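Undergrad: Sequence isn't available, so here's the structure alone:
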C-alpha cells in the first residue's frame, strides 16, 4: 500500500525529475523508490453530479474493492446497491454507490483524463 508521495526535483536544473514514493507492504519497513513522471498519473477527476443515476447497464465503471480500484461494468440496480461485473475475472458482486466511480482513460500529461461514460 502506498503511504505517501513526495515530488522531487531533477538534480541541477530544477525541473521535475520524478516522484519519490514511500511505501510499505504489510508490516515491512518503509521503502523509497524514484518513479519517472511519465510512469505516473494523477487521481481521476471527481464524478459529475448524478452520474450513477444516469449510467445505463453496461456502463464502464471502477469499483473500489480490497484496497484498490478495479475495472467493472454496470449490470443492474438493486435498491441502494449496484450489481457490477468484472470481465477480467468473470465475477459479479453488489456494491454501494460510494464504492463506484465512472471509468476514465489516462491520455498522458498532455491529454489528461477522458471520461468513458460519454
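TA: Happy to help now that I have it. These numbers were taken from a predicted model, which means no experiment stands behind them. Numbers count the residues shown, from 1 in each chain.

Undergrad: contacting residues around the residue sitting nearest the centre point of the chain?
TA: In the chain, the residue lying closest to the centroid (C-alpha atoms, centre = their mean) is residue 69, at 5.2 Å. For residue 69, the contacting residues are 62-63, 101, by C-beta atoms under 8 Å, 6 or more residues apart in numbering. Where C-beta positions appear, they are placed from N, C-alpha and C, glycine not excepted.

Undergrad: How about residue 55?
TA: Residue 55 neighbours (C-beta under 8 Å, 6+ apart): 61, 74, 102, 117.

Undergrad: Partner strands of the longest strand anywhere in the chain and their direction?
TA: Counting residues, the longest strand in the chain under DSSP state E turns out to be strand 68-78. Strand 68-78 has the following sheet partners, assigned by DSSP bridges: strand 60-65 (antiparallel), strand 81-86 (antiparallel).

Undergrad: need the ones you listed in TSV with distance to residue 51 and mean pLDDT, can you?
TA: TSV is the format used below for these (distance: least, C-beta to C-beta, whole Å; pLDDT from 0 to 100):
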stretch	distance to residue 51	mean pLDDT
strand 60-65	10	96
strand 81-86	12	98
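
Undergrad: Buried ones only from the contacts of residue 69, please, as a ChimeraX command.
TA: Selection of the buried residues among the contacts of residue 69 in ChimeraX, burial being defined by 16 or more other C-beta atoms under 10 Å:
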select :62,63,101
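
Undergrad: which one of the contacts of residue 69 is nearest residue 37?
TA: residue 62 (23.0 Å; C-beta to C-beta).
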